[in-house]
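pasting the sequence and the predicted model now:
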Amino acid sequence: MTQEKSLAAPHFLSNAVLIKQGAEARVYRTEFLGKPMIVKERFPKRYRHPALDEKLTHRRTVQEVRSILRCRKAGICAPVVYFVDYISHCIFLEEIMSSLTVRDHIASIQQSGSCKEQELEYIADRVGQILATMHDEDVIHGDLTTSNMLLRCGLEDGDMEDMVIIDFGLSYISALPEDKGVDLYVLEKAFLSTHPNTEALFERLLKTYAASSKKSSAVIKKLDEVPQLTLSRN
Ligand SMILES: Nc1ncnc2c1ncn2[C@@H]1O[C@H](COP(=O)(O)OP(=O)(O)O)[C@@H](O)[C@H]1O
Ligand SMILES: [Mg+2]
């Protein structure tokens, strides 16, 4: 029964090219009706009890799709969702063409040596603005890293559609400033450990976030408190 229902996804995956094997999901590139498409497949984890695994995997698939749709409604760039197969836990997404991760982009700017401070500041400002809009919609991403942000190449500076947020599997909806503060804290840790000497740049990102969000003061206050919160919990 289950096999019959999930025939659609394996059929597409037979011609797909694996582009990333993660701990939770495989990401493939393929084509559908001549359109480039990304398929994200959450596979079973054998170390988990099957019923629990099914429940968690289903929840993450639902959360990912729900948050992408909510973001897109709010005007935040996230890939179009073409189709979801809840049996094989596959999400069929628009491929963001000619894109690279913000992580790779920052690294290449830093490696190029020449002074490209303005380009870095532009990226920090865009991330700050987008996260402010996302948090004002009460979407908590749950896994904010510069690998989960894509930049379309070849667009002119200042184009508002240049940055795309992906990988919403750990996202959820919450209006609590603490949840938003933790979201920013996760990004801060990832950002500073991935990109050396970017403390001032991250400060700029936060400043832009604060200026762009209607509810930022409580969030920034919580962000400052997160290290104490995690210490007192341990
Ligand atoms: N819609 C997309 N368009 C283009 N590339 C994508 C897209 N979705 C994912 N990718 C690529 O696949 C990688 C992994 O996808 P992601 O959703 O972040 O999965 P994971 O949970 O394994 O991190 C991304 O860093 C990006 O390089
Ligand atoms: Mg990712």
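That came through fine. Ligands and ions are numbered 1, 2, ... in the order given.

who in this protein is up against ligand 2?
Proximity of the chain to ligand 2 is confined to 148, 167 under the rule CB under 5 Å from the ion. The way it works is simple: take the backbone N, C-alpha and C, and place the C-beta from them, glycine included.

what count of nearby residues applies to the residue in the chain positioned nearest to ligand 2?
Per CB to the ion, the residue of the chain with the smallest distance to ligand 2 is residue 167, at 3.7 Å. By other CB atoms under 10 Å, 24 other residues sit near residue 167.

what sits against it?
With contacts taken as CB atoms under 8 Å, 6 or more residues apart in numbering, residue 167 has the following neighbours: 64, 143, 147, 148.

now with 7 Å?
143, 148 (CB atoms under 7 Å, 6 or more residues apart in numbering).

contacts for stretch 112-121, please.
Counting by CB under 7 Å, 6+ apart, 106, 109, 201, 204 sit against stretch 112-121.

quick check: the farthest pair among those?
Across the contacts of stretch 112-121, no pair lies farther apart than 109 and 204, at 14.6 Å, counting by CB to CB.

show me where this protein has helices.
Ranges of helices in the chain, per DSSP state H, are 2-5, 8-13, 50-73, 102-111, 117-136, 177-194, 199-212, 216-233.

now render the ones you listed as CSV, adding distance to residue 152 and mean neighbour count.
Below are these laid out as CSV (distance: least, CB to CB, whole Å; neighbours: other CB atoms under 10 Å):
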stretch, distance to residue 152, mean neighbour count
helix 2-5, 35, 9
helix 8-13, 24, 16
helix 50-73, 15, 16
helix 102-111, 11, 16
helix 117-136, 12, 19
helix 177-194, 21, 19
helix 199-212, 20, 17
helix 216-233, 27, 14
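
could you dump those helices into JSON lines and include mean pLDDT?
Shown next, in JSON lines, are the helices of the chain (pLDDT from 0 to 100):
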{"stretch": "helix 2-5", "mean pLDDT": "47"}
{"stretch": "helix 8-13", "mean pLDDT": "72"}
{"stretch": "helix 50-73", "mean pLDDT": "96"}
{"stretch": "helix 102-111", "mean pLDDT": "94"}
{"stretch": "helix 117-136", "mean pLDDT": "96"}
{"stretch": "helix 177-194", "mean pLDDT": "98"}
{"stretch": "helix 199-212", "mean pLDDT": "98"}
{"stretch": "helix 216-233", "mean pLDDT": "85"}
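
what's the closest of those helices to residue 39?
That would be, of those and by CB to CB, helix 8-13, which comes in at 6.3 Å.

now residue 226, nearest residue through space, not along the chain?
Residue nearest to residue 226 in three dimensions, not counting chain neighbours: residue 185, with 4.3 Å by CB to CB, 6 or more residues apart in numbering.

still on that earlier bit, let me have the helices of the chain in CSV, extended by distance to ligand 1.
Shown next, in CSV, are the helices of the chain (distance: least, CB to the nearest ligand atom, whole Å):
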stretch, distance to ligand 1
helix 2-5, 24
helix 8-13, 15
helix 50-73, 8
helix 102-111, 8
helix 117-136, 15
helix 177-194, 12
helix 199-212, 20
helix 216-233, 23
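
and the residue in the chain positioned nearest to ligand 1, how many residues sit next to it?
With CB to the nearest ligand atom, the shortest gap between the chain and ligand 1 falls at residue 22, namely 2.9 Å. Look at residue 22: counted by other CB under 10 Å, it has 12 neighbours.

swap in residue 19?
For residue 19, the count of nearby residues is 12 (other CB under 10 Å).
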